[in-house]
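**Q** Have a look at this prediction, sequence included:
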Amino acid sequence: MKFREVNHSIPKVDGRGLLKGASAYTDDLAVESALIIKLLRSPYAFAKIKSINTKKALKVEGIECILTYKDVPRIPITRAGQGYPEPSPKDKFILDNYVRYVGDEVAIVAGTTEKVVDDAIKLIEVDYEVLEPVLDFEKAIGHKSIIHPEKEIYTMFPMGLDVKNNVACSYMDTMIVGDVEKTLEECEFVVSERYYTHAQQQTAMEPHTSTAYIDVQERLNIITSTQNPYHTRRIIGEALNKPLRDIRVYKPRIGGGFGAKQQVHNDLFKAIVTLKTGKPSKCFYTRKEVNESTFTRHQMRIDVQLGADKEGNLKAFDMQILSNTGAYGEHSLTTFMVAGSKLLPMYNKAKALRFEGK
């Protein structure tokens, strides 16, 4: 039997264009006159901005605008591009008067060239009140430093947010089958171990890049290297208090993502600059910014207790996870839930199962 498709070499639809170097990626599609956006970033892991002075920087020729937390809407969002209602606490603002990690955004600077923007950033004067950071996720619960003291943050449904204890979410006393303690006592063999997984940086070939312009219908158009254009559109609309009908998000070819582009990163910055100035703008992260100021896969501590009979059949499975979601709670619930939901079905013949985490 002969097939039209099976066992045949099928040319990649966009392969020829990519090999010829045709414009395909976000930076290729940005207009040449687009304003260049860069961020002044925090040198501290945890600090409060006492004052910020941009007067000298604004005098640099070619600077179009400089925005601080005083100049942007204060609407709590989550940058995580997920389902809706969102399973992440809304604990992030476009800019805030608190910075929570080295590389957190302090000011948005837009100008005609990269050089004038770099020059202006050096002239911004910031007075910080340096606070004690939480650097060890195993010591975060009950730490004297409360990372999110703001009152506006919330969740769209109960997920165990405990701001006073630096807990973004928790999943306790819910995923339990059978009597775990009793079954473990009855097992001939019990093994208890603690494991750690490290944070991982995905490192796509194309860094986080986005560009924006206003079209003839006065809609905000966003071209961005993202894995979730629909969520990006919704999050931008929420953060800027702008109707979705006035926002278009276009996802061209992306040079890798691996989950790192399943969030909103620099999209908000160029969106608000374009709305403020009426001019096209673009923001592209350096490799240093990608490593320092975007997301990683979450570091975890995993405690596992297994009980088996003398034939080696697993009878009890107990899994407790502590997940390091970092300074903000994006993907906090989803990430550690997946760690359990992908594993537990393999042990569906066990007599007792329990999965919990924070």
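**A** On my side now, so go ahead.

**Q** okay, CA-based contacts and neighbour counts for the rest of this
**A** OK.

**Q** Give the full set of residues in contact with the residue lying closest to Ile63 once chain neighbours are set aside.
**A** For Ile63, ignoring the flanking residues on the chain, the nearest one in space by C-alpha to C-alpha, 6 or more residues apart in numbering is Gly111 at 4.1 Å. Counting by C-alpha atoms under 8 Å, 6 or more residues apart in numbering, Gly111 makes contact with Leu35, Ile36, Ile37, Gly62, Ile63, Glu64, Cys65, Val117.

**Q** Show me how the record splits this structure into domains.
**A** 26-133+202-293, 160-200+296-357 (automatic domain parsing).

**Q** of all those, which gets the most neighbours per residue?
**A** Highest mean neighbour count among those (mean count of other C-alpha atoms under 10 Å): domain 26-133+202-293, with a mean of 19.

**Q** Just to check, Gly256 is in contact with Ala204?
**A** Yes: judged on C-alpha atoms under 8 Å, Gly256 makes contact with Ala204 at a distance of 4.7 Å.

**Q** all strands for the stretch 1-150 of the chain, in order.
**A** 35-41, 47-53, 63-67, 98-99, 105-111, 125-130 (DSSP state E, counting those that start in this stretch).

**Q** do you know which of these lies nearest Lys276?
**A** Nearest to Lys276 among the strands of the stretch 1-150 of the chain is strand 63-67 (8.2 Å), distances taken as C-alpha to C-alpha.

**Q** Neighbouring strands - and their directions - for the closest one?
**A** Strand 63-67 has the following strand partners under DSSP bridges: strand 105-111 (antiparallel).

**Q** and the angle for the partner strand with strand 47-53?
**A** Between strand 105-111 and strand 47-53, the angle comes out at 30 degrees (axes from the mean of the first three to the mean of the last three C-alpha atoms, to 10 degrees).

**Q** Include mean pLDDT and distance to Asp162 when you put the strands of the stretch 1-150 of the chain into TSV, please.
**A** Conversion of the strands of the stretch 1-150 of the chain to TSV gives the following (pLDDT from 0 to 100; distance: least, C-alpha to C-alpha, whole Å):
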stretch	mean pLDDT	distance to Asp162
strand 35-41	98	27
strand 47-53	98	21
strand 63-67	98	31
strand 98-99	98	19
strand 105-111	98	24
strand 125-130	98	24
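
**Q** Same list, the ones you listed, but as a markdown table with distance to Thr334 please.
**A** Converted to a markdown table, these look like this (distance: least, C-alpha to C-alpha, whole Å):
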| stretch | distance to Thr334 |
| --- | --- |
| strand 35-41 | 28 |
| strand 47-53 | 28 |
| strand 63-67 | 33 |
| strand 98-99 | 24 |
| strand 105-111 | 25 |
| strand 125-130 | 32 |
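
**Q** Out of the ones you listed, which gets nearest to Cys283?
**A** Among these, strand 35-41 comes nearest to Cys283, with 4.9 Å by C-alpha to C-alpha.

**Q** How about residues contacting that closest one?
**A** By C-alpha under 8 Å, 6+ apart, strand 35-41 touches 102-114, 117-118, 121, 269-270, 279-284.

**Q** 6 Å instead?
**A** The contact list for strand 35-41, computed with C-alpha atoms under 6 Å, 6 or more residues apart in numbering, reads 103-114, 281-283.

**Q** and if you look at stretch 193-205?
**A** For stretch 193-205, the surrounding residues in contact (C-alpha under 6 Å, 6+ apart) are Gly255, Gly256, Gly257, Thr296, Arg297, His298, Gln299, Met300, Arg301, Ile302, Asp303, Val304.

**Q** Pairing-wise in the sheet, spell out the partners of the fifth one.
**A** The residues paired with Arg297 through beta bridges, assigned by DSSP bridges, are Gln200.

**Q** Please report the distance of it from Tyr171.
**A** 19 Å (C-alpha to C-alpha, to the nearest Å).

**Q** Pull the contacting residues for Gln227.
**A** If you count contacts by C-alpha under 6 Å, 6+ apart, then Gln227 has Lys261, Gln262 around it.

**Q** before we move on, what about the one 10 residues further on?
**A** For Gly237, the contacting residues are Leu244, taking C-alpha under 6 Å, 6+ apart as the criterion.

**Q** shift numbering so it begins at 10
**A** Will do, 10 is the new start, and the previous item becomes Gly246.
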